[in-house]
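# Task: produce atomic coordinates for the following.
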Amino acid sequence: MDIVLQGMVFGVANGLLAAGIVLVYMSNRTINFAQGELGAFAVAVMFALSNRAHFPYAAALACALAATAALGALVELTVIRRLFASPRLIVLIATIGVAQVITALRAGIPKPRNQSGHDVVFGGAATFPVPFHITPITFGRVVFHSAEVLVLTVGPLLALALFAFLRWSRYGVALRASAENAQRARLLGIPVRRVSTMAWVLAALFSGAAAILLAPVIGYSSDSAVGLSLLFRGLAAATIAGLSSVGVAFGVGIALGVTDQLIFVWTGQGGLTDLVLFVAVVLTLLTRKDVLRRATSAAESAPDTGEPIRPLPLRVLQHPRWSNSVFLARVVGAGALALLPFVVSSHNTYFVASTLLMCAATVSVTVLTGWAGQLSLGQWAIAGLGGLLAMQLFSEHGVPFWVAFALSFPLGGVLAALIGLPALRLQGVNLAVVTLAFAVTCSSWLYNQTWARPDLSIQLPAYLTTRWQYALSLGLLLGVVATARLVERSQLGRSIRAVKENPVAASSMGISVVRTKLTAFALTGAMAGGTGFLFIDAIGSGDPTHFPTANSLALLAAAVIGGLGSLSGAVVGGLYIFAVQYFAAQWFPAHADVISLLSTGVGLLVLLLYMPGGLIRPIIAARDLLARALTGVDPREAIAVRSTEDGLTEAARTLAAVTPQEVSA
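Okay, here's the model as predicted:
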C-alpha cells in the first residue's frame, strides 16, 4: 500500500496533464504537443520568482499560473485560431513549433540558485517552495513530506473543480457541446472559437499546476527535453482514456503513476514503465472502434504538402544558355564539395558531415510523411536503434565494418516496418502518438539494454579519418536523394502518393494499401538506419544520448520548413536548422541552444501560417526568374501553354474516337 500511495503522488500530476490534453482535444480535435512545455514554463517562472525575486509562495504561484494561462491564450489566438480550418495534423505540427518556442523562452528565465549561490540546472527539490511544512510521515517503506501531501490533497481538488466546471457551468456545457459537434454548436449560437481559447487557458493552468505540484517532489530541470517527459505520461493517460473524458483521463493518469512505481520496485528498472505504456497505447488504439474507422477525408488523414514543385519546361531545359549554366553550376558545386574538407578545419568538416547526415534523415521523413502521409515522430529513434544494432555487430561480434554498414540498412528497414504495422489501422494523430511513444521508450529503456548498444568507445578502422567520414556522409546523402528520385518516378512512388490521397480509390485500382504502406516505412527506415550507423561512426561513440527524442521532432520541423513533399526542400530545411545551430554556437556560444530552438520553432510557425510551401517555394521562384533572364521564356507561361496544348490534343483524340452514331445519339 505504501508503494501505491507513492505512485499516486506521480499519478495525480499525470492525471492533471492528461486532463489538459483532453480539454484541448475536445475543443480542437488535435493533440497539444506543447502541453508539457507549458507546465515546465510554469515551474521555471515559479522557481525564479520565489528563489531569485523572493516572492511569497502565494504571490509567486499566482504570477506563475497567470503567466502560463496568458501564454496558453496567446498561443491559441495567434497560432491555433489562424489554423482553425486547417487539417488537424497541420495544427499538431504547429504545436510542436509552439513547444520549441516555449522551450527557448523557458531557457531565458533566470535559473534558481542553491545555498552556495550557484545556478541550479537539475534537482533543487528541497529548495522549491511549499505553502506549509509538516513532520515527515513514515508509511511502510515511504516517507511523506509536505510536498507529497500537497500533491495528494490539492491535485484531486483541482480535478473535482474541473469536473464541476464542465458539468454545471455555462462554459463547460458549451465546451462539451463543441466537442460533440462543432458545426451544430456554432448554429446554436455557441462561440466555438472563444470556447477554444478557454480550453487552452484551462489546459495551460492545469499543466502548470501539475508541474508546480510535482516540482518539490522530483526537483527542477532546465533540460530542453523535460517538457517531452512531462508530455508523454499525460499523453499516454489521455490516449488510453480515449481523449473523450476528463475524469477518465485523470483516473488513468493515477493508475499509470501507481503502475510506474510498482514496476520500479519489482524490477529496479525505471524506464521499463515506458515500454509498458508504449504497448498499452498501441493496444488501446488498435482496439478502439472509433480509431479503426478510416478517415474519409485526405485532409484529416495526411498533412497537406501544398502545390507540387513545378519542373522547368523543355523549352527552358534545352536552351543553350540554361543548359550551359546548369552544367557550370554543377561543376562548381562538385568542386566545392570535393575541396571542402581540405580547406576547412577538422572540427568544421565533422560538423558538415553531421549536417549532411541529418539532411539524409530529413529526406526519409519527407518520403514517409510528405509522400506517404504517415506522420512519424520517431524517425531519429529508428536511426539510432538501427545504427546501434549494426555498430554492435561490428564492435562486439567481429563483423567487418563495411558489412555492418550494409546491414544497417535492412535493420532500419525491418524496425520501421514493425513500427509501421499499427499504421495499417491507425493514421493521423493516433500514429503520431504511437511513434512518439516508441521514441520515448527507446531513449528511456531500449537504448540502455546491453543487446541494443555497443560500447561507449568504439575502435574504428584507422583509415576512417574526418575526411573519410565527410565523404561517406556526402555519398549517403546523394544516394538517399537518388533513391528517392527513382522511387518518385516509379510505379511504387505513384502508388505511395495514391494511397496517401485516397486509400479506397487506390485499392479499387488494384494497389495493395497494406504492402504500399509497409514498403514506405521499410524504405525510409533503411535510409534512417544507414544514417544512424554513419552518425555513430562520426561521433566515434556508442552513447545513445546522441539520439534524443527531440531530434525526431527537429527532423519533422526541418522537413516542414524546407517544404514537406520536396526532396530539395528536405535538404534546404536540414541545412537551415543545423546551419543555425552552427553559427549560433560560433557567434553566441552561451545562448546557442536557445537560438537554435527559437529559430526552429519560429521558422516552423511562420512557414505554417504564412508560407505553407516552405523555403523551397521562394527558391523555385528565384529559379524561374533566372531562367527567364537567361532564356527569355517565362516558365509559368510555357507550362500553361504546354498544359493547354496537351489538353487540346487529348480532346481532339477523344472527338476522333467518337463515331457518327454516338454524335447523332
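
# Show me the helices in the stretch 151-300 of the chain, by range?
Using DSSP state H, counting those that start in this stretch, the helices of the stretch 151-300 of the chain run over 170-180, 182-187, 192-218, 226-240, 246-267, 272-287, 289-292, 298-301.

# what about L564, is that helix, strand or coil?
coil (DSSP: H, G, I helix; E, B strand; the rest coil).

# Please could you give me each C-alpha atom of stretch 410-425, formatted as PDB?
Extracted in PDB, the C-alpha atoms of stretch 410-425 (Å, rounded to 0.1, in the frame of the first residue of the first chain):
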ATOM      1  CA  PRO A 410      17.900  -3.700 -43.700                       C
ATOM      2  CA  LEU A 411      18.000  -3.500 -39.900                       C
ATOM      3  CA  GLY A 412      16.500   0.000 -40.000                       C
ATOM      4  CA  GLY A 413      14.000  -1.100 -42.700                       C
ATOM      5  CA  VAL A 414      12.800  -4.100 -40.600                       C
ATOM      6  CA  LEU A 415      12.500  -1.900 -37.400                       C
ATOM      7  CA  ALA A 416      10.500   0.700 -39.300                       C
ATOM      8  CA  ALA A 417       8.200  -1.900 -40.900                       C
ATOM      9  CA  LEU A 418       7.500  -3.300 -37.400                       C
ATOM     10  CA  ILE A 419       6.600   0.200 -36.200                       C
ATOM     11  CA  GLY A 420       4.600   0.700 -39.300                       C
ATOM     12  CA  LEU A 421       2.300  -2.300 -38.600                       C
ATOM     13  CA  PRO A 422       0.000  -0.100 -36.500                       C
ATOM     14  CA  ALA A 423      -0.200   2.300 -39.400                       C
ATOM     15  CA  LEU A 424      -2.200  -0.300 -41.300                       C
ATOM     16  CA  ARG A 425      -5.100   0.500 -38.900                       C
END
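
# Can you give me the buried ones in it?
Residues of stretch 410-425 classed as buried: 410-417, 419-423 (neighbour count, 16 or more other C-beta atoms under 10 Å). For glycine as for every other residue, the C-beta is placed from the backbone atoms N, C-alpha and C.

# which two from those residues end up farthest apart in space?
P410 and P422 (20.9 Å; C-beta to C-beta).

# Reformat the helices of the stretch 151-300 of the chain into JSON lines and put distance to L357 next to each item.
Output for those, formatted as JSON lines (distance: least, C-beta to C-beta, whole Å):
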{"stretch": "helix 170-180", "distance to L357": "43"}
{"stretch": "helix 182-187", "distance to L357": "43"}
{"stretch": "helix 192-218", "distance to L357": "35"}
{"stretch": "helix 226-240", "distance to L357": "22"}
{"stretch": "helix 246-267", "distance to L357": "35"}
{"stretch": "helix 272-287", "distance to L357": "26"}
{"stretch": "helix 289-292", "distance to L357": "35"}
{"stretch": "helix 298-301", "distance to L357": "31"}
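
# Tell me which of those helices is the most buried.
helix 226-240 (a mean of 27; mean count of other C-beta atoms under 10 Å).

# Would you pull up how far that helix lies from the middle of the chain?
14 Å (C-alpha atoms, centre = their mean, to the nearest Å).

# Which neighbouring elements make contact with it?
helix 2-28, helix 35-47, helix 88-107, helix 192-218, helix 246-267, helix 272-287, helix 429-444 (3 or more C-beta pairs under 8 Å, 6 or more residues apart in numbering; DSSP states H and E).

# what's downstream of the shortest one, the next helix or strand?
By that I understand helix 35-47. Using DSSP states H and E, the helix or strand that follows helix 35-47 in sequence is helix 57-75.

# just the angle between that next one and helix 192-218, please?
For helix 57-75 against helix 192-218, the angle between stretch directions is 140 degrees (axes from the mean of the first three to the mean of the last three C-alpha atoms, to 10 degrees).

# Flag every buried residue along helix 57-75.
Buried-residue list, helix 57-75, by 16+ other C-beta under 10 Å: A60, L61, C63, A64, L65, A67, T68, A69, L71, G72, V75.

# now, which of these sits nearest L564?
Using C-beta to C-beta, these come closest to L564 at V75, 21.9 Å.

# Does that closest one touch W200 like I think?
Yes. V75 is within contact range of W200, at 6.4 Å (criterion: C-beta atoms under 8 Å).

# what sits in contact with each of these two?
Contact criterion C-beta atoms under 8 Å, 6 or more residues apart in numbering; residues shared by V75 and W200: none found.

# My read is that A204 contacts I21, right?
No. With contacts counted by C-beta under 8 Å, A204 stays clear of I21, the gap being 11.5 Å.

# Flag the shaky bits of the stretch 101-250 of the chain, pLDDT-wise.
Within the stretch 101-250 of the chain, the segments meeting pLDDT under 70 span 117, 123-124, 179-183, 187-188, 223-225.
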